[in-house]
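Peer 1: take this sequence and fold it.
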Amino acid sequence: MITTRQFGQLFDGSMVYLYTIKNSQGNNITITNFGGRIVSLNVYDRNKIKRDIVLGYDNLEQYIKDNIFLGGIIGRYAGRLSNSCYTLDNKKYKVNSTSNISALHGGVIGFDKVLWQAETSNIDNNSILLKYCSPHNQEGFVGNLNISVQYKWDDCNQLTMNITAVSDQDTICNITNHAYFNLDGHNSGHLNNHTIQIKSTKILDIDKNNLPTGNFISVKNTDLDLNQPKQLDNLNLPHRLIQQCSGYDFSYCLNNNDFTKSIQPKHIATAQSMTSGISLQLYTTKPTVQFYTGNSIQQNTKGKSGINYEKYSAFCLEPQFCPDAPNHKNLGDTILRVGKEYSHCNIYKIGIT
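Peer 2: Numbers count the residues shown, from 1 in each chain. Sure thing, here's the model as predicted:
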């Protein structure tokens, strides 16, 4: 069942809405067409207590001012682009910078900051389809890019994101979602009671500015190794990169040196709360996942119900192509050619243990 209600109004008078999908188990997800953001995800824990397991805000004004991408669709290119540029067929293009050295998550106005057209169906009452046309040269990206993102919330507590895009010019494309999860509830603070497991043997190395070097680091016998469930009670670990990032913020490679799309979504990560018993399994067709432990959440960031969000109060699992891949020949092809379709699927399965 889908219900719709007004969320606010943008400066140009456009109305913004909230769309809530409720399944047969009484669990529900709420999405807004501003930035395609996941606003809430309410599920029952092992004791039949309902918990909202994603961070978010109470009102539209907070989302407009947001600078940590809470719950948003990320694009046109997720991750960092070094020197705020990208290479396409041996030609360099400049992107609007978000810092002195790079462009993050699509530039100054990414897909998380635009209004999407929402469609619901009387036949398929457990999904919402969001559409947006990113115009030629928006933030410096060439081509008119037409994107569709379908959010589907089913009776098995499975959230499926089907992402497609086509362009009228060759361009680069790398779209994901930036939901912040806390499986004890958005108001529960530190991730102490969580474990994480990611099926990966290596991460993409980064320089002192957190930009990809194009090289890889084996995770074997290091604090970066998440092949076995690892508790997140201590995020001040001695590994040089964890110290540099003040926690985890790394691109885990899922298919060895193959950065192409998987034909079917593959199970690549599992997170679990030892307190609530809620688990999250991630399946994706993408070749890497960015694992992030909320290192940059500022103290006393005001979230839903007036809750103060702080550092390490959530984690993100962002399936994507390699950050900065257009500027490195060995990190995979992220070019979307005219006449081809960008098509990827991410599945978040919520369970109880």
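Peer 1: report the contact partners of residue 230.
Peer 2: When contacts are counted by C-beta atoms under 8 Å, 6 or more residues apart in numbering, residue 230 is found next to 195, 196, 197. (Glycine included, C-beta is placed from N, CA and C.)
Peer 1: how does it look with 10 Å?
Peer 2: Neighbouring residues of residue 230 by C-beta atoms under 10 Å, 6 or more residues apart in numbering: 194, 195, 196, 197, 198, 223, 224, 237, 248.
Peer 1: tell me where the chain has helices.
Peer 2: In the chain, helices defined by DSSP state H lie at 60-65, 240-245, listed in chain order.
Peer 1: can you lay out those as CSV showing mean neighbour count and distance to residue 272?
Peer 2: Formatted as CSV, the helices of the chain follow (neighbours: other C-beta atoms under 10 Å; distance: least, C-beta to C-beta, whole Å):
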stretch, mean neighbour count, distance to residue 272
helix 60-65, 15, 29
helix 240-245, 15, 21
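Peer 1: I'd like the ones you listed laid out as JSON lines, including mean pLDDT and distance to residue 266.
Peer 2: Below are the helices of the chain laid out as JSON lines (pLDDT from 0 to 100; distance: least, C-beta to C-beta, whole Å):
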{"stretch": "helix 60-65", "mean pLDDT": "98", "distance to residue 266": "32"}
{"stretch": "helix 240-245", "mean pLDDT": "97", "distance to residue 266": "25"}
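Peer 1: turn those helices into a markdown table, including distance to residue 218.
Peer 2: A markdown table is the format used below for the helices of the chain (distance: least, C-beta to C-beta, whole Å):
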| stretch | distance to residue 218 |
| --- | --- |
| helix 60-65 | 39 |
| helix 240-245 | 12 |
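Peer 1: residue 83 is nearest to which of these?
Peer 2: Closest approach to residue 83 among those is made by helix 240-245 (19.7 Å; C-beta to C-beta).
Peer 1: shaky segments in this protein?
Peer 2: Scanning the chain for pLDDT under 70 picks out the ranges 122-123, 256-258.
Peer 1: which of the contacts of residue 230 are buried?
Peer 2: Taking 16 or more other C-beta atoms under 10 Å as the criterion, what is buried in these is 194, 195, 196, 197, 198, 223, 224, 248.
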